[in-house]
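# turn this into a model:
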Amino acid sequence: MGMLLFTCVLALVIWLLVFGNELQRRRPQWHWYLVGYPLTALRMVFTWRRVAYLNGLTVSHKPNRRVLGDLEVRGEPLRTRTPRLSFPRATPYGLEVRVRLHAGQTPAPFLASSDAFAHAWRVHAVRVVSPERGVVLIMATARDPLEHTDRPAVGAGELLSATVGALELGRAWVINFRRVPHWLVVGATQSGKSTLLATLVTELAPQPVALVGIDCKGGMELGLLEMRLSALATCRSEAVTVLAALVKEMQDRMRACRFAGARSIWELPDKGRPVPVVVIVDELAELYLTNGSKEQRAEAEECTTYLLRIAQLGAALGLHLVVAGQRVGSDLGPGVTALRAQLSGRICHRVNDPGTAEMTLGDLNKDAVMVAQSIGDGERGVAVTTGDMGGWMRGRSHLTTPAEARAAAAEFARMTPRPKFLAHMPGGGTVV
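Below is the predicted model of the structure:
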């Protein structure tokens, strides 16, 4: 029996050596479970003690200083104790281990050692989190799961939910407006910001949702999707008109909910429930650029006021915001910081300066800021996102070409709602 088992193992090893490269190319997950995971798990287990010692993750029962007469001597303890490491558990893209900390240890040194872990174990990346007190979870990814992402069928999600890409742990990247009502999307030119917005509209197109676009660059981006938009503002004066109509509709919905004894439109009967609205603002800075004239300053202030009111009160009334820009900070004008604070969903692509990443993610998670700054020029569509999953995570949006976006808008143009409050608004497609 032992000889038979040895022969089978030897045959498997020889087969993997001969056909391993072909298996890795055609079935990367099979190759990972058969070859990559066992080797990486053994490497982690056998090097853990040394890696922990070199990165200052060990402890000693004895003090590292002694008094000899009048002289105090300091030094490294000769006998140290390494935190206990569980056996690595395989995941589709890597593996996970749990480390139980000794008394007095904190997760901070483990977080700082993530790069050292990645180099020592020869994996793509390592992320360290602390799911509970006294425990650290080390998640290693053997290869970049965002290199290739499979796109699901359009419109497969629930109402006001859009699958826009994939997350680094293999899960779908979903923007759900029922859970996170308002979103901020930041990214430099050619970072994937506009592609993400096109994917979002494409995913929402088959749903009974009114999509309102504000693109003060003459509609160059959102104009591609006009057939599926209920309204499209291509300049600031049009944006003021559209936003004013939305604020008035929001007040009407408040009165309807109060009359019905409901706290949100979702508590109203299905037949009497107003259509949900998603407002997409592409390049927020264009709403605030003025030549200094009193009229233009007044328009910019109106835009700020209307957007802030929708962000503060719109969630329960079915009015949702997606605000995108290369930079969203107080330097744009008064009220922008208050608006940003109301946009609890954050997406940060590659940015041009550290300050932009700090403005986007710094008030939520400092670690996410560093990861966002490390996104390279060749990683188009890659972003750091926060939302309903807790904490932050890297994701990559699906590539939606302009032709695909136009085709989706035309296919679902018949789904475009034209409610009364948007009936005379600029732009928007014609219901067919």
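# kindly export stretch 396-416 (C-alpha atoms) in CSV.
This file holds the C-alpha atoms of stretch 396-416, laid out as CSV (Å, rounded to 0.1, in the frame of the first residue of the first chain):
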residue,chain,number,x,y,z
ARG,A,396,-11.0,46.7,-11.0
SER,A,397,-13.9,47.9,-13.1
HIS,A,398,-15.0,46.1,-16.2
LEU,A,399,-13.9,47.6,-19.5
THR,A,400,-16.9,49.1,-21.2
THR,A,401,-16.0,50.6,-24.6
PRO,A,402,-17.9,53.6,-26.0
ALA,A,403,-19.5,51.4,-28.6
GLU,A,404,-20.8,49.0,-25.9
ALA,A,405,-22.1,51.9,-23.9
ARG,A,406,-24.0,53.4,-26.8
ALA,A,407,-25.4,50.0,-27.7
ALA,A,408,-26.7,49.4,-24.2
ALA,A,409,-28.3,52.9,-24.1
ALA,A,410,-30.0,52.2,-27.4
GLU,A,411,-31.1,48.7,-26.4
PHE,A,412,-32.8,49.9,-23.2
ALA,A,413,-34.0,53.3,-24.4
ARG,A,414,-37.5,52.1,-24.0
MET,A,415,-36.9,51.7,-20.2
THR,A,416,-36.2,55.5,-19.9
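# check the offset of it from the chain's centre.
21 Å (CA atoms, centre = their mean, to the nearest Å).
# buried residues in it?
Using 16 or more other CB atoms under 10 Å as the test for burial, stretch 396-416 gives 396-398, 400, 404-406, 408-409, 412-413, 415-416. The C-beta positions use only the backbone N, C-alpha and C, and glycine is treated the same way.
# could you pull up phi and psi at the residue nearest the centre of the chain?
Nearest to the mean C-alpha position of the chain, by CA atoms, centre = their mean, lies T385 at 2.0 Å. Backbone torsions of T385, given as degrees, to the nearest 10, read phi -130, psi 150.
# from what I see, G325 and I280 are in contact.
No. Counting by CB atoms under 8 Å, G325 does not reach I280; the two are 11.9 Å apart.
# in JSON lines, list the buried residues of stretch 396-416 along with pLDDT.
Converted to JSON lines, those look like this (pLDDT from 0 to 100):
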{"residue": "R396", "pLDDT": "90"}
{"residue": "S397", "pLDDT": "91"}
{"residue": "H398", "pLDDT": "89"}
{"residue": "T400", "pLDDT": "89"}
{"residue": "E404", "pLDDT": "91"}
{"residue": "A405", "pLDDT": "91"}
{"residue": "R406", "pLDDT": "92"}
{"residue": "A408", "pLDDT": "92"}
{"residue": "A409", "pLDDT": "92"}
{"residue": "F412", "pLDDT": "93"}
{"residue": "A413", "pLDDT": "92"}
{"residue": "M415", "pLDDT": "89"}
{"residue": "T416", "pLDDT": "91"}
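# so can I have a markdown table of those residues showing distance to G292 and secondary structure?
Formatted as a markdown table, those follow (distance: CB to CB, whole Å; DSSP: H, G, I helix; E, B strand; the rest coil):
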| residue | distance to G292 | secondary structure |
| --- | --- | --- |
| R396 | 41 | strand |
| S397 | 37 | strand |
| H398 | 42 | coil |
| T400 | 38 | coil |
| E404 | 41 | helix |
| A405 | 36 | helix |
| R406 | 38 | helix |
| A408 | 41 | helix |
| A409 | 37 | helix |
| F412 | 43 | coil |
| A413 | 41 | helix |
| M415 | 43 | helix |
| T416 | 38 | coil |
